[in-house]
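# Here is a sequence with its predicted model. Questions after.
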Amino acid sequence: AADHASGSLRPVVLTDFPYPRIVSDSRGPGYEPVDDQELVAPGGFVPQVPHTYGYWDNIYGLQNEVQLSIAESTCGAKTAGWAAGKGD
């Protein structure tokens, strides 16, 4: 979680890279350059909100500090919520 100054901007990074997908000095220690890694240039910036909450970042999922999660899957399976006894 963090508080942000009025008028501050958040970098938006376009990620179509192999590991490491983001090397940045604005996201936290896990994203900082190691050895000879170079910072990824932002594709642009968006206005920052006054307060943000912590979250765990992953390729397909996000989870915040109260365990609210969102994710997607690239699985090709087709499923449907058929009523009991239907769809046989």
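Nice, I can see it.
# Quick one: the strands in this protein, in order.
Here the chain has its strands, by DSSP state E, at 2-3, 9-12, 44-47, 51-52, 55-57, 61-64, 69-71.
# the bottom helix or strand of the chain by mean pLDDT?
Considering only helices and strands, the least confidently modelled element of the chain by mean pLDDT, DSSP states H and E is strand 55-57, at a mean of 70.
# quick one on the thing from earlier: put together CSV for the strands of the chain, with distance to residue 33 and mean neighbour count on each row.
In short, each C-beta sits where N, CA and C put it, glycine included. Formatted as CSV, the entries for the strands of the chain read as follows, by distance: least, CB to CB, whole Å; neighbours: other CB atoms under 10 Å:
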stretch, distance to residue 33, mean neighbour count
strand 2-3, 21, 10
strand 9-12, 15, 14
strand 44-47, 20, 10
strand 51-52, 23, 11
strand 55-57, 17, 13
strand 61-64, 23, 13
strand 69-71, 28, 11
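# need these in TSV with distance to residue 28, can you?
Formatted as TSV, the strands of the chain follow (distance: least, CB to CB, whole Å):
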stretch	distance to residue 28
strand 2-3	10
strand 9-12	13
strand 44-47	18
strand 51-52	12
strand 55-57	9
strand 61-64	14
strand 69-71	19
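# wait, residue 48 sits on residue 10?
Yes. With contact defined as CB atoms under 8 Å, residue 48 reaches residue 10; the gap is 4.5 Å.
# Before I go, just wanted to say thanks for your time.
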